[in-house]
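> Quick check, what structure comes out for this input:
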Amino acid sequence: MKVIRIKTKEYKILIGKNALNNLAIEIRKNCPKCNKIAVIIDKKVPRKFLIKIIKILKKYKIFIIPINSSEKIKSIRQTNLLLEKLFNLEFNRSDTIIGIGGGITGDLTGFVASIFKRGINFVNIPTTLLAQVDSCIGGKTGVNTNYGKNLIGSFYHPKVVISDISFLNSLPYREIICGYAEILKHAIIKDKKFFNWLKSNTHKILMKDEHSIMQAIKKSSKIKLYFTEKDFKEKKIRMILNFGHTFAHAIEAKNRYSKKINHGEAVLVGMMIALKISFYKKICTQKTFQDINDIYKRNNLIKDLSNFLTKKETKNSIKFMANDKKNNDERISLILLKKIGKTSEPGKFKFAQTEIKKIIDKLF
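This is a model prediction of the structure:
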């Protein structure tokens, strides 16, 4: 199967089965003075991929650094531990760090790369559908704090992103749903044609059909790049990508980033809350609401998440929205939906916590 290549302003994205075979070539092209490579890999990644990577990179001095990936590991403490290892191994800025894992691994590794000696070569190899369609694109890196998710971080591009769909074969259904949430979000906020394609192809994506997954990753990547290349530092238009995320991040924080709900599941819940508010405020039509609600129902997207959509659960999450990065005053900024393919402008709709609670009272 042919590898899809997307060229951005700063780096390349490779998508396809066995795209990993291009790793050594891409490092030679993009990191020509590289001698040492630190491979920071999630322990959950099947060992056969690590064996393959070691073989591919046999001409380099390789140091394997396994991590137990979870939201709790995205911390300043873990960042310091990784930095100390790089200093002890005498890495320099010409060398390379490779992050292999989901979005957590990519965010953490990218952040370490961005601050080690003010920037070392970084290669991102996302292994989950969520990471391949979302976090590996756009240069965001970061770690969590007790005050919220990704509140300490930087903007830093990798040299190359390799999205090998072979990694997805080992993922459970719940993780595929998690990634699909961001695919659906991209269609909702930017591309009605893509949304209509998802109506017919969602089942194929969830069943890991290779052609459908590659097309979904390709389209999602291009939509995200549309926003990130126009607004790299997230000052305006890029905030549209946060549709549903203000509630999602609050739900995650309220549940202490536990396994009760993962990021994509929280996004599915968050988008539905934002959609309900959009309809309640007469920003979108009933038809728009129904079109999106139908794709949720037909594919049982929030079948096991209904408890996170209760009035009590939603209201209890609101206090965690105050530290959202999109807020520039005491009010909470929400991206709402006008129609499929078009959202409100960032900063247009701001609410006090008390006002959101009143709306939730009426909606649920």
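> need the strands for this structure, in chain order.
4-7, 12-16, 36-42, 61-67, 96-101, 121-126, 140-145, 148-155, 160-164, 332-334, 337-339, 342-343, 349-351 (DSSP state E).
> among those, where is the model least confident on average?
Ranked on mean pLDDT, the bottom entry among those is strand 148-155, at a mean of 88.
> gap between D134 and K29?
Distance of D134 to K29, given as CB to CB, to the nearest Å: 25 Å. In this view, the C-beta of every residue, glycine as well, is placed from N, C-alpha and C.
> Looking at these two, which one has more neighbours?
D134 (28 against 12; other CB atoms under 10 Å).
> Chain neighbours aside, what residue packs nearest to that one?
Nearest non-adjacent residue to D134, counting by CB to CB, 6 or more residues apart in numbering: E182, 4.2 Å away.
> Residue ranges in this structure under the pLDDT threshold?
The chain contains residues with pLDDT under 70 at 323-329.
> Show me how the record splits it into domains.
According to automatic domain parsing, the chain is divided into the following domains: 4-170, 173-363.
> can you give me the helices for the stretch 251-364 of the chain?
263-280, 286-298, 311-317, 353-363 (DSSP state H, counting those that start in this stretch).
> Any idea what V123 is bridged to?
I98, V160 (DSSP bridges).
> how much space between I104 and K55?
Relative to K55, and taking CB to CB, I104 is found at 26 Å.
> Kindly report the same for D291.
Counting by CB to CB - D291 and K55 are separated by 48 Å.
> now swap in G139 and tell me
Look at G139 and K55: by CB to CB, they are 30 Å apart.
> The two: which is more packed in?
G139 (22 against 9).
> pretty sure the more buried one contacts T228?
Yes - using CB atoms under 8 Å, G139 is in contact with T228, at 6.9 Å.
> closest one to K192 among the helices of the stretch 251-364 of the chain?
Proximity to K192 (CB to CB) singles out helix 286-298 among the helices of the stretch 251-364 of the chain, at 9.3 Å.
> What is the neighbour count of K219?
Counted with other CB under 10 Å, K219 comes out at 20.
> Not counting its neighbours along the chain, what's nearest the most centrally placed residue in the chain?
Residue closest to the mean C-alpha point of the chain, counted by CA atoms, centre = their mean, is S135 at 3.2 Å. Nearest non-adjacent residue to S135, counting by CB to CB, 6+ apart: G103, 3.5 Å away.
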